[in-house]
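J.: no sequence on this one, just coordinates:
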């Protein structure tokens, strides 16, 4: 068996096994022109009798000249007779640039995959897995963080996790690397250039060892998930080991409030101590979630933080230390974009700003700007939400725009839900005009 045949066999085994991709499933390849993604496309082209490759998609983030990488990606796709798609995105200048680029890229790839009914394959390698585990060790991640990059997450498939970066480059195919990988501006690059080489001196198989940590953590997580599923929500944790109660608190939070940032250790320990002692109480876990202990039984409930909420009963300007909301009547959907900026930013980071127009006839007052909280229904993005008076999501700043969504009630502080069949409307107060100019400012999201 040649080295290439060996890699092809391992990728096929990954697709069959941990990636859980059924034969005949269309695959879309995310290609950057770098060595890893070129390897991915070439190997999957060898397997397209079983898994058809419907497109290779290149995304230009608009941050620098990517002509060399795009042409390398295009040439590789054309050589392999794979349809090539090049897309460009415009990134927000607010917040973390890497995160913004990743979100924009993933959105484009998901859009292209939807056109083909395909899964999305990315070129993450065993070396990427080692770097990820090392990065998470540095920041003190728990078991779930140490599980690293998953072989399969929904539409996303990573079939190269058993193939090292050097192994892929050994085939000497043409590729064009991102020049930013050569610098030390990002933590991953510093770990790659300085820390991993030292670890390899201690253990030449350090990459495999770190990837093994991820594999072991994933196996233990499967056991924890099975225990969590088997444990009734009504079961009392009174008298249980406190460490076990901590695990169940984290597991339940992840199950019931997926994608919420992990709570602080002190809050989890406080809640676990109450549960095992059978002491009733309520503990804020952050991010709009509170844990409740009642006779040793655990439940979750919304934890509204008034500091992260602005309520606008009518057009005007509203602000607090975290955000500012301006609702300005405009005729004909136009008007000054920079009026009513909150300039009182002393001691705060420069604000992130979003400006857009809405039709006031499609919303119910009051309009509320708040953070996501536990109880918001599936599909409502985590982060800041702009809602109308019945919970219709008007805007999810920094993520996307949602329309036609509604709440299940009309309480003063409604639960946000998405319901594409509902579009509540009521007359807006004080005749605010044809449109409302909405300006959102965030002082550190």
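T.: Received the coordinates, thanks. Since the model is a prediction, treat every value here as computed from it, not as a measurement.
J.: how far is the helix or strand of the chain with the lowest mean pLDDT from where the chain is centred?
T.: In the chain, no helix or strand scores lower on mean pLDDT, DSSP states H and E than strand 352-358, which sits at a mean of 84. Chain-centre distance of strand 352-358: 22 Å, with CA atoms, centre = their mean, to the nearest Å.
J.: Could you do stretch 361-373 as well?
T.: 23 Å.
J.: Over to stretch 18-35?
T.: Put simply, stretch 18-35 sits 20 Å off its chain's centre (CA atoms, centre = their mean).
J.: what about it, how long is it end to end?
T.: 23 Å (CA to CA, to the nearest Å).
J.: now do stretch 60-67
T.: End-to-end distance (CA to CA), stretch 60-67: 9 Å.
J.: and it, average pLDDT?
T.: For stretch 60-67, the mean per-residue pLDDT is 91.
J.: Over to stretch 182-191?
T.: 90.
J.: again, but for stretch 103-118
T.: 94.
J.: what do you get for stretch 244-259?
T.: 86.
J.: Equivalent analysis for stretch 273-293, please.
T.: 92.
J.: How far off centre is that stretch?
T.: 27 Å.
J.: repeat for stretch 79-92
T.: With CA atoms, centre = their mean, you get 22 Å for stretch 79-92.
J.: counting contacts, what elements does the least confident helix or strand of the chain pack onto?
T.: strand 393-395, strand 435-442 (3 or more CB pairs under 8 Å, 6 or more residues apart in numbering; DSSP states H and E). Just so you know, the C-beta spots here come from the backbone N, C-alpha and C atoms, and that holds for glycine as well.
J.: Between the ones you listed, which one is closest to residue 285.
T.: Closest to residue 285 of those is strand 435-442 (CB to CB; 22.3 Å).
J.: Just checking: what are the partner strands of that closest one?
T.: strand 323-330 (antiparallel), strand 352-358 (antiparallel) (DSSP bridges).
J.: will you turn those into TSV that also has distance to residue 37?
T.: Formatted as TSV, the strands paired with strand 435-442 follow (distance: least, CB to CB, whole Å):
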stretch	distance to residue 37
strand 323-330	39
strand 352-358	31
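J.: Could you identify which of the ones you listed is most buried?
T.: Counting by mean count of other CB atoms under 10 Å, strand 323-330 has the highest mean neighbour count of these, with a mean of 21.
J.: Touching, residue 442 and residue 322? I think so.
T.: Yes - in this structure, residue 442 is within contact of residue 322 by CB atoms under 8 Å, at 7.1 Å.
J.: returning to that earlier point: return the angle between stretch directions for whatever helix or strand comes next after the least confident helix or strand of the chain and strand 323-330.
T.: Going down the chain from strand 352-358, the next helix or strand is strand 367-371, by DSSP states H and E. Using axes from the mean of the first three to the mean of the last three CA atoms, to 10 degrees, the inter-axis angle of strand 367-371 relative to strand 323-330 is 160 degrees.
J.: Please name every helix or strand in contact with strand 367-371.
T.: Strand 367-371 packs on strand 309-312, strand 323-330, strand 384-387, going by 3+ CB pairs under 8 Å, 6+ apart.
J.: mind listing the helices for this protein?
T.: 3-16, 35-46, 67-79, 97-116, 126-138, 143-146, 165-169, 187-190, 196-202, 206-230, 242-256, 265-277 (DSSP state H).
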